[in-house]
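Asks: Let's see this in three dimensions:
(4 chains)
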There are 2 protein chains.
Amino acid sequence: MTKTQRQHRINELIEREVISTAAQIVGRLNAEGIAATQATVTRDLQELGTVKIRDEHGTRRIVVGGASLSSPAPLDHLRRMMGEWVVSVESSVNLVVVRTPPGCAHVVASALDRSVLEGVLGSVAGDDTILVIASEARGGERLAHEFRALAGIDESVITSMKGTSHG
Amino acid sequence: MTKTQRQHRINELIEREVISTAAQIVGRLNAEGIAATQATVTRDLQELGTVKIRDEHGTRRIVVGGASLSSPAPLDHLRRMMGEWVVSVESSVNLVVVRTPPGCAHVVASALDRSVLEGVLGSVAGDDTILVIASEARGGERLAHEFRALAGIDESVITSMKGTSHG
DNA sequence: CAGTTTTATGCCTCCATGTGCATAAAATGT
DNA sequence: ACATTTTATGCACATGGAGGCATAAAACTG
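Replies: Have a look, this model is predicted:
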């Protein structure tokens, strides 16, 4: 049982049933043979971007937070994806071209779509390339800069890489 | 510079230029400010599934191995993808349904396509679901079993999960 | 407000991964 | 066949992430 799998299971649980406390989730997971403590589940709920609400009957309930809540979870997800898979980020005027290993463009693009970053008009993903359209006329480089930060790419290295990879 | 980025750069290098030794790659990387030793590059070349050939002039050259070579690299890639992203694997007759977190189906499907596994007729990927069609009439469960092994999923746990997640 | 329940977090340990060094093994050239 | 170059690998170490334990903080209840 990986972290990803456990978190997905938690997501399922709170989507399908009325769950009010983290301890309840611990119980359910343990019953299924998945080891996890309250601390872990709490951290999972944070990373999943869940929210505690009170439904129409006044009952506490943990629910998945939507993008509308602009919770930090999608951003964390994006950071994880970009840090892992983004190979290079380059820009031209209002466009940003993000390169990934083959087949990985869609995941990154999906994460990008989910984390409603301001300044992004939209994006198109191919096999190993994502084209991001900036909403501002010349917002490409600003976005590219932000992407590189998210991906943990050292800009000086990238510059030197650009110089040789096209030469 | 992450491992992924370095490996992608190596892939670029051997695709675009005639490279004959790992040491050459070390030199190029170092010149670009990327730290790496011969041992690391050798391991990268293995993971990338590269192959040493001799071109028409008798010169040694390192090239990217294609799927046609059935090198173990695509399988390693698949194992990595499945271990990380696959949440559940279920089967019915000649079909296997692989679930992933949202947006991740395409990467796994792509890895699956690249690693020509026998018994797979084809696959279709949605947002968080991959449908794999087994080539044998009742090959679904066999494939599912294999997938679970690749994903490192304990079958007993999965069974109990099925019981509760649909109940 | 006082007590209880629930959540969040600091600290620690464990474990997997990545990578360098040194060296063995293999390949290549003479 | 021998020397040299190139590749592969065992070992050690560093790093970072995951998660448990204990406890603080917060929220809720009466």
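Asks: Pop out the phi and psi values for the closest residue to A:Arg60 other than its chain neighbours.
Replies: Using Cβ to Cβ, 6 or more residues apart in numbering or on different chains and skipping residues adjacent in sequence, the residue nearest A:Arg60 is A:Ser20, 4.1 Å away. All C-beta atoms are positioned from the backbone trio N, CA, C, and that covers glycine. Main-chain dihedrals, A:Ser20, degrees, to the nearest 10: phi -110, psi -20.
Asks: A:Ser20 reaches A:Gly58, doesn't it?
Replies: No: under the criterion of Cβ atoms under 8 Å, A:Ser20 makes no contact with A:Gly58, lying 11.3 Å away.
Asks: which of the two has more neighbours?
Replies: Higher neighbour count among A:Ser20 and A:Gly58: A:Ser20, with 15 against 6, using other Cβ atoms under 10 Å in any protein chain shown.
Asks: and the residue nearest the centre of chain A, what element?
Replies: Centroid-nearest residue in chain A: A:His77, 2.2 Å away (criterion: Cα atoms, centre = their mean). Counting by DSSP states H and E, the element that carries A:His77 is helix A:73-85.
Asks: What ranges does chain A have for its strands?
Replies: A:50-54, A:60-64, A:88-92, A:95-99, A:120-125, A:129-134 (DSSP state E).
Asks: domain assignment for chain A?
Replies: What automatic domain parsing lists as the domains of chain A is A:3-65, A:73-165.
Asks: Close to DNA strand C: what parts of chain A are there?
Replies: Near DNA strand C, the residues belonging to chain A are A:20-23, A:38-39, A:42-43, A:45-46, A:52, A:62 when assessed by Cβ under 7 Å from any atom of the strand.
Asks: out of those residues, which are buried?
Replies: Buried positions within these, assessed by neighbour count (16 or more other Cβ atoms under 10 Å in any protein chain shown), are A:22, A:45, A:62.
Asks: gap between A:Glu12 and A:Gly27?
Replies: Remark: distance between A:Glu12 and A:Gly27 (Cβ to Cβ, to the nearest Å) = 15 Å.
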